[in-house]
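> Give me the fold of what follows.
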Amino acid sequence: MDFTSQEKIYYQLALKEKDQREWEPAVSFLLKAMERTRTAESRYRYDTELAALYKHLGRTAQADSLRQEALKSSCPLLKSSVV
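Numbering: from 1, shown residues only. The predicted model follows:
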């Protein structure tokens, strides 16, 4: 299986865990997806997801750092979604 397929699978698993409010497993799957991403834009999208998870875990400093990183994206829609 190639990295792109693995990335998508891990991302979907992360979203599933997030929906079930299982924050730690969601973080783990999202980090695995991030390791396999090939584009900066995908990385920024993952940064915003990870920031939201870290916020739920009370890791506000890490969440803020990831939000700042996501603001470097060239995608206006992604930039506007960073809260």
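> Every contact and neighbour count from this point should use C-alpha atoms.
Noted.
> residue contacts, the most centrally placed residue in the chain?
Among the residues of the chain, the one closest to the centroid is Y46, at 2.5 Å (CA atoms, centre = their mean). Contacts for Y46 (CA atoms under 8 Å, 6 or more residues apart in numbering) come out as L30, M34.
> Now with 7 Å, please.
Contacts for Y46 were tallied using CA atoms under 7 Å, 6 or more residues apart in numbering; they are M34.
> Now it: which helix or strand?
In this assignment (DSSP states H and E), Y46 forms part of helix 40-56.
> ok, now E7?
helix 3-19.
> What residues of that helix count as buried?
Q6, E7, K8, I9, Y10, Y11, Q12, L13, A14, L15, E17, K18 (16 or more other CA atoms under 10 Å).
> try stretch 48-67
For stretch 48-67, burial by neighbour count (16+ other CA under 10 Å) applies to T48, E49, L50, A51, A52, L53, Y54, K55, A63, D64, L66, R67.
> One more: stretch 23-34?
Buried residues in stretch 23-34, defined by neighbour count with 16+ other CA under 10 Å: W23, E24, A26, V27, S28, F29, L30, L31, K32, A33, M34.
> Give me the residues contacting the helix holding E7.
Contacts for helix 3-19 (CA under 7 Å, 6+ apart): W23, P25, A26, V27, F29, L30, K32, A33, R36, T37.
> Lovely, talk soon.
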